[in-house]
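*Asks:* Next comes the sequence, and after it the predicted model I'd like to discuss.
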Amino acid sequence: MSSSTGHADNPATRARVAARTRLRIPDSVGDKILHGVCLIASLLTVAVIVAIAYQLLDGAKPAISRFGFGFLTHSQWRPNFGVFGAETLLYGTVVTSAIALMLAMPIGVSIGLYLSELAPRGVRGIVGPLVEMLAAIPSVILGFWGILVLSPFVNKYIEPSLHHHVGFIPIFGALPTTGNSVFTASLILAIMIVPIVASISRDLFLTVPRELKEGAAALGATRWEIVRGVDLPSTASGVVAAGFLGLGRALGEAIAVTQVIGAGTAIHRSLFLTGDTLASRVAEQFQGTLTALHTASLFYLTVVLLAIGLVANLTAIWISRHFDYQHRFAR
């Protein structure tokens, strides 16, 4: 007992204890500062979202009072007569975004797999940054390229080919066209989504423990079986989240879509005809509104678009948790 007390009273021991105490004080202050900064950032994000939603709802009040939920099922948009409906625009938004996502997901995931699993180091160092650079191209430039290059190419080659081989399907009918169409807008959106999905997928595949892959290979699994049985199940929730992140980009894109979709005013069965989307209509007309009701109706469109984005994000969270649960259960 006396030996232990003597140890505690040792000057060197007391000095070490005092030094540790002095170190803990700054660490404690740093923890509190970090917690405060993160809390403020989170609250600021919530405040911005609430402020945006309030501003949009406040601007849309006259249209909401006038049209109610019937605004969503009415297809006429005639500012000169005070008649407004979002059905055509909802259709264009859903169709272009869905087609873009169906095209971009397999391409983006394939690029991610190639860069993380198959590409030589030299190729990976070149292709990876180029894919990410595609995401940094301003949408107005992509739209301009769509007018000059993509629309004529689609009109001359892709649409006639699809119509010739699968024209019995109504969505591939209606020729001749101009190239400015729902189909062209979908291709532009797919080009925008691909680098998002590819970059996130590549990073996800790189996080899969190498021991799992080597163990599967040691048991005789082929490269495809490793991808199907190890890589994809391990990253399923993240890949789904990447897809919905790209979907959010597609839903809200305005400028590039406006330049190639043709500003149609009706719902057509064929993808080769013109159309319009919620974001595109707002970009087209907000600066030149004719009446207060016209302005309020455009605000109403933005409220609908915000609600669709919220539903898409909540769906992504649910799907991610569902995949995570299944993966945990399987293990």
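*Replies:* Received the coordinates, thanks.

*Asks:* Now Phe244: closest residue in space, sequence neighbours ignored.
*Replies:* Once flanking residues are discounted, Phe244 sits nearest to Ala316: 3.4 Å by Cβ to Cβ, 6 or more residues apart in numbering. Heads up, the C-betas are built off the backbone N, CA and C, glycines and all.

*Asks:* Now do the end-to-end distance for stretch 140-152.
*Replies:* 18 Å (Cα to Cα, to the nearest Å).

*Asks:* Of all the residues in that stretch, which ones are buried?
*Replies:* Within stretch 140-152, the residues scored as buried using 16 or more other Cβ atoms under 10 Å are Leu142, Gly143, Trp145, Gly146, Leu150, Ser151.

*Asks:* Quick one: those residues as CSV, columns for secondary structure, distance to Asp276 and pLDDT too.
*Replies:* As requested, the buried residues of stretch 140-152 are exported to CSV (DSSP: H, G, I helix; E, B strand; the rest coil; distance: Cβ to Cβ, whole Å; pLDDT from 0 to 100):
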residue, secondary structure, distance to Asp276, pLDDT
Leu142, helix, 18, 90
Gly143, helix, 14, 90
Trp145, helix, 20, 93
Gly146, helix, 15, 91
Leu150, helix, 18, 92
Ser151, helix, 16, 92
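
*Asks:* Dump those into a markdown table; add distance to Gly59 as well.
*Replies:* What follows is the buried residues of stretch 140-152, written out as a markdown table (distance: Cβ to Cβ, whole Å):
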| residue | distance to Gly59 |
| --- | --- |
| Leu142 | 29 |
| Gly143 | 26 |
| Trp145 | 33 |
| Gly146 | 30 |
| Leu150 | 34 |
| Ser151 | 34 |
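
*Asks:* Pull the contacting residues for the residue nearest to Phe244.
*Replies:* Val240, Ala241, Gly243, Phe244, Leu245 (Cβ atoms under 8 Å, 6 or more residues apart in numbering).

*Asks:* Which helix or strand contains the spatially closest residue to Gly70 that is not a sequence neighbour?
*Replies:* Excluding its sequence neighbours, the residue lying closest to Gly70 (Cβ to Cβ, 6+ apart) is Gly85, at 7.8 Å. Under the criterion DSSP states H and E, no helix or strand holds Gly85.
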